[in-house]
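Enquirer: structure, please.
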Amino acid sequence: MMKRLARIGLVTLVGLTSSLHAATSLTMAQVEAMYKDAPIVFDLPFYENAVEALKQTEKETLATADAALTALVAQDPSKATLASTFKAFDRIVGNVTDTSQRVGLIQGTHPEKAVRDAAAEVDVALSSWLIALEYREDIYRVLKAFLDTRPALTGQDLRNVEETMRDYRRAGLELPADQRAQIEAMRKTLTEQVTKFQQNIAAASTGLTFTAAELDGVPDSFLTSPGVKQDDGSYKVMANVTWHYVAVVENARNPETRRKLAHARGQLAREENIPLLTDMVMLRAKIAQALGYKTWADYQTETRMSGSAATALTFENELVAGLEGKMKQEWEELRQTKVRETGNANAQLEAWDIAYYTNLLTKEKYSIDTDALRVFFPYDATLQGMFRIYESIFGLTFAEVQPPQIWFPDVKLYLVTDTATRQPMGMFYLDMFPREGKYNHFACFGIRDQRTLDDGRTVLPLVSLVCNFPPPKPDQPSLLSHDDVETLFHEFGHVMHKMLGRSDYQRLSSFAVPRDFVEAPSQMLENWIRDKRVLDTFAADYRDPSKKIPADVIERLNDVRKATSGMFYRRQLSYGLLDLTLHTLPVSDTRPDVNALANGVLARVSYPPIPDTAFAAYFGHLAGYDAGYYGYLWALAIATDLASVFEAAPNGFMDTSVGMRLRNEVYGAANTRDVNQSVEAFLGRPRSITPFLKFVGAAPDSN
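Expert: Predicted coordinates:
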């Protein structure tokens, strides 16, 4: 159950909701004045913008934390309390974690390379410090000594203690000192390797030059985008910029253009990251074995909903088998689309054909020009429309706030409050358009975790969306594709999860849920953009707002999603199985050919990759979501089950009573209880796979 903040001087806050909506944007001074008597920590962190500032942050953060740990371990065991042991430890770790998250954001977003590089170094130092905590026997002894007094613990206190001690066991604190030292050294090395892997992906950049003829079929909305058309009349396409890549491989009629671009993307970071990935996989296997686990995947899944590598593999392989027939049917339909276009009855699909012929089939069979739909999704109107939806179903109010200090000029800041109680829930930033050196995908970056301090004050959560949507043009707003809108709703779902979760401990906050569940709260909200009633609240032709997306077009969008869902989800399964394959390798003195293994899985489960490419080198999830990618579909099965409750509700996806139940039982509960309990509390029944089967078009009654 969601733990609400204490009511906070409502006389002072009367009229807050209307004032938030009325203001163009608030200043932080105004916000702080509104909540001056509130028992909350509201100050925004400083975002370091120089190398020296980052180094100073590292020094001060660790010095403060070390001093606090010294006091913790020096206390008289006979006088130790829950507050002086486990609660104090959570606060110390939480403060360093917050700094690490902020530095990670700077690493991914700061416009200056020197600052990004310095942030990466500081992040490694902070991460290494956090890893070292797991091997601090003196801390372990203090915590264990308190537990030996057999305190009567319940609720969040008990859960925090159990998870903390579990982590010490997983770190090897029960092992001899020399073995612990070896494991700690290996994990610090692994942290450095993971950071370097991520840096190599961020730095990988390849631009290809094409003529207008070679880009025949690519929409003008892309060709006229800033930086694409060159002075000599040619066009520069960046293989590492996702929306560049998608625009070309989905639309370029020239197969050689598609092949060249796909090959270039498949080469990104190959030389640097394949040897590094080999080192990472081998080192992970050694760490797992040293800790008593069969494989790294077994070690990673122990704390997740799946519980074991075998369960995760079974889940993936059962879905592979279940989608076999559907994928074969879809593959042949795509091949016949190529036959019709080329006139070659024996035409075969290549890896660089899939996106193009999927798009062509969409236009031919379902009469949907996905690029033409962009006019219904101007960025600003779509964003505000999404805000109104989430405000309505979750009982919230969003207000723009002028950030006192920021890492890039066009970043925006928003305050989230509970509409009924006028209490603050958290704040979030939006960094939504691409630029040189910026993290080049879409993600929700945590900055500060919510938790309750010993004096009763609440630390409000703080996050940032970091996205790369098509930028606006001088004569045209940023226009999103329907897929872009789905991505926006998904990523903002993470924001909602973070804003609404309430816990007493940092380690029980929203993103601390099992990794194979963490995507479910955001995946569920993707369903909203497939519903006409929802879309009509914000989707309108920016040139003539009276024009809405016709109902039959939305129906065809849903039909086309199912039309190629077999191939799409088999591709997703190939990524998950690739990940699990690499992380179920045993310890060996022989270096595995990770690229051959990865490409082999892709070929078996989905379709063969382009020769002489290395998808795994640019697959960033192997750096931070290792042995966990299966969790996307695991979570999706749960997400579709959650969404089915809205579908059956009187007001559908806009049903506020169901929305508030979701807020309280799932989002609000964060990691304060077993997520199975949270999910079933919302559903009112055990989980079911049937909604997912209907979603992918594999259930008998969904065709």
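
Enquirer: below-threshold pLDDT in this protein: ranges please.
Expert: 1-24, 698-703 (pLDDT under 70).

Enquirer: quick one, strands of it?
Expert: Listed in chain order, the strands of the chain (DSSP state E) span 26-27, 40-41, 207-210, 235-238, 396-402, 412-418, 424-431, 443-448, 451-452, 458-459, 462-466.

Enquirer: tell me which of those sits nearest to residue 682.
Expert: strand 396-402 (18.0 Å; Cβ to Cβ). All C-beta spots, glycine's among them, are computed from the backbone N, C-alpha and C.

Enquirer: mind exporting the C-alpha coordinates of the closest one to CSV?
Expert: Extracted as CSV, the C-alpha positions of strand 396-402 are listed here (Å, rounded to 0.1, in the frame of the first residue of the first chain):
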residue,chain,number,x,y,z
LEU,A,396,-1.7,14.5,-10.3
THR,A,397,-0.8,18.0,-11.3
PHE,A,398,2.3,18.9,-13.4
ALA,A,399,3.8,22.4,-13.4
GLU,A,400,6.8,23.7,-15.3
VAL,A,401,9.5,25.1,-13.0
GLN,A,402,12.4,27.4,-14.1
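
Enquirer: and the closest residue to residue 39 other than its chain neighbours, how far from residue 420?
Expert: By the measure of Cβ to Cβ, 6 or more residues apart in numbering, the closest residue to residue 39 outside its immediate chain neighbours is residue 457, 4.6 Å from it. Going from residue 457 to residue 420 by Cβ to Cβ, to the nearest Å gives 22 Å.

Enquirer: kindly report the same for residue 69.
Expert: Where residue 420 is concerned, residue 69 sits at a distance of 41 Å (Cβ to Cβ).

Enquirer: these two: which has the busier surroundings?
Expert: residue 69 (19 against 11; other Cβ atoms under 10 Å).

Enquirer: correct me, but that one touches residue 92?
Expert: Yes: taking Cβ atoms under 8 Å as the definition, residue 69 is a contact partner of residue 92 at 6.1 Å.

Enquirer: what's the burial count for the closest residue to residue 678 other than its chain neighbours?
Expert: Leaving aside its sequence neighbours, residue 678 sits nearest to residue 669 (Cβ to Cβ, 6+ apart; 4.5 Å). Around residue 669 there are 27 other residues, counting by other Cβ under 10 Å.

Enquirer: where's residue 669 relative to residue 86, distance?
Expert: From residue 669 to residue 86 the distance is 20 Å (Cβ to Cβ).

Enquirer: same thing with residue 77?
Expert: With Cβ to Cβ as the criterion, residue 77 and residue 86 are 14 Å apart.

Enquirer: and these two? which has more neighbours close in?
Expert: Neighbours of residue 77 and residue 86, each counted by other Cβ under 10 Å, are more numerous for residue 86; the result is 24 against 12.

Enquirer: one step back: was I right to think the residue nearest to residue 39 contacts residue 42?
Expert: No: applying Cβ under 8 Å, one finds residue 457 not in contact with residue 42, separated by 9.6 Å.

Enquirer: just give me the longest helix of the protein.
Expert: In the chain, taking DSSP state H as the definition, the longest helix is helix 177-203.

Enquirer: common neighbours of residue 77 and residue 86, please.
Expert: residue 146 (Cβ atoms under 8 Å, 6 or more residues apart in numbering).

Enquirer: format the strands of the chain as TSV; extra columns: distance to residue 48 and mean neighbour count.
Expert: Formatted as TSV, the strands of the chain follow (distance: least, Cβ to Cβ, whole Å; neighbours: other Cβ atoms under 10 Å):
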stretch	distance to residue 48	mean neighbour count
strand 26-27	23	16
strand 40-41	20	16
strand 207-210	31	16
strand 235-238	28	20
strand 396-402	20	19
strand 412-418	17	22
strand 424-431	15	23
strand 443-448	13	22
strand 451-452	23	23
strand 458-459	20	23
strand 462-466	15	23
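
Enquirer: turn the ones you listed into JSON lines, including distance to residue 597.
Expert: Output for the strands of the chain, formatted as JSON lines (distance: least, Cβ to Cβ, whole Å):
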{"stretch": "strand 26-27", "distance to residue 597": "53"}
{"stretch": "strand 40-41", "distance to residue 597": "47"}
{"stretch": "strand 207-210", "distance to residue 597": "29"}
{"stretch": "strand 235-238", "distance to residue 597": "29"}
{"stretch": "strand 396-402", "distance to residue 597": "46"}
{"stretch": "strand 412-418", "distance to residue 597": "43"}
{"stretch": "strand 424-431", "distance to residue 597": "36"}
{"stretch": "strand 443-448", "distance to residue 597": "27"}
{"stretch": "strand 451-452", "distance to residue 597": "41"}
{"stretch": "strand 458-459", "distance to residue 597": "44"}
{"stretch": "strand 462-466", "distance to residue 597": "31"}
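
Enquirer: nearest to residue 253, of those strands?
Expert: For residue 253, the closest of the strands of the chain is strand 207-210, at 12.2 Å, according to Cβ to Cβ.

Enquirer: the spatially closest residue to residue 578 that is not a sequence neighbour: neighbouring residues, count only.
Expert: Ranked by Cβ to Cβ, 6+ apart and with sequence neighbours excluded, the top spatial neighbour of residue 578 is residue 601, at 4.4 Å. Neighbour count for residue 601, taken as other Cβ under 10 Å: 22.

Enquirer: repeat that for residue 318.
Expert: 11.

Enquirer: for the residue of the chain most remote from its centre, give its distance to residue 142.
Expert: Going by Cα atoms, centre = their mean, the residue of the chain most distant from its centre is residue 78, 44.0 Å out. Going from residue 78 to residue 142 by Cβ to Cβ gives 12 Å.

Enquirer: I'd say residue 462 and residue 445 touch.
Expert: No: the pair residue 462 / residue 445 is not scored as a contact, 9.8 Å apart, by Cβ under 8 Å.

Enquirer: joint contacts of the two?
Expert: By Cβ under 8 Å, 6+ apart, no residue touches both residue 462 and residue 445.

Enquirer: wait, residue 226 sits on residue 472?
Expert: No: using Cβ under 8 Å, residue 226 is not in contact with residue 472; the gap is 9.2 Å.

Enquirer: who's more crowded, these two?
Expert: Neighbours per residue (other Cβ under 10 Å) separate residue 226 from residue 472, with residue 472 holding more: 16 against 11.

Enquirer: nearest spatial neighbour of the more buried one, skipping sequence neighbours?
Expert: That would be residue 478: by Cβ to Cβ, 6+ apart, it lies 4.4 Å from residue 472.

Enquirer: tell me the contacts of that neighbour?
Expert: Shown in contact with residue 478 (Cβ under 8 Å, 6+ apart): 378-380, 433, 469-472.

Enquirer: tell me the buried residues within the residues you listed.
Expert: Among these, those scoring as buried are 378-379, 433, 469-472 (criterion: 16 or more other Cβ atoms under 10 Å).

Enquirer: could you pull out the helices for the stretch 351-500 of the chain?
Expert: 354-366, 379-394, 482-500 (DSSP state H, counting those that start in this stretch).

Enquirer: highest mean neighbour count out of the ones you listed?
Expert: Mean neighbour count, computed with mean count of other Cβ atoms under 10 Å, is highest for helix 482-500 among the helices of the stretch 351-500 of the chain, reaching a mean of 23.

Enquirer: could you say what helices and strands that helix packs with?
Expert: helix 379-394, strand 424-431, strand 443-448, strand 462-466, helix 520-523 (3 or more Cβ pairs under 8 Å, 6 or more residues apart in numbering; DSSP states H and E).

Enquirer: need the contact list for the residue nearest to residue 94 when sequence neighbours are not counted.
Expert: Leaving aside its sequence neighbours, residue 94 sits nearest to residue 506 (Cβ to Cβ, 6+ apart; 3.3 Å). Going by Cβ under 8 Å, 6+ apart, residue 506 touches 90-91, 93-94, 97, 449, 451, 512.

Enquirer: before we move on, what about residue 609?
Expert: 266, 351, 599, 602-603, 615 are the contacts of residue 609 under Cβ under 8 Å, 6+ apart.

Enquirer: many thanks, have a good one.
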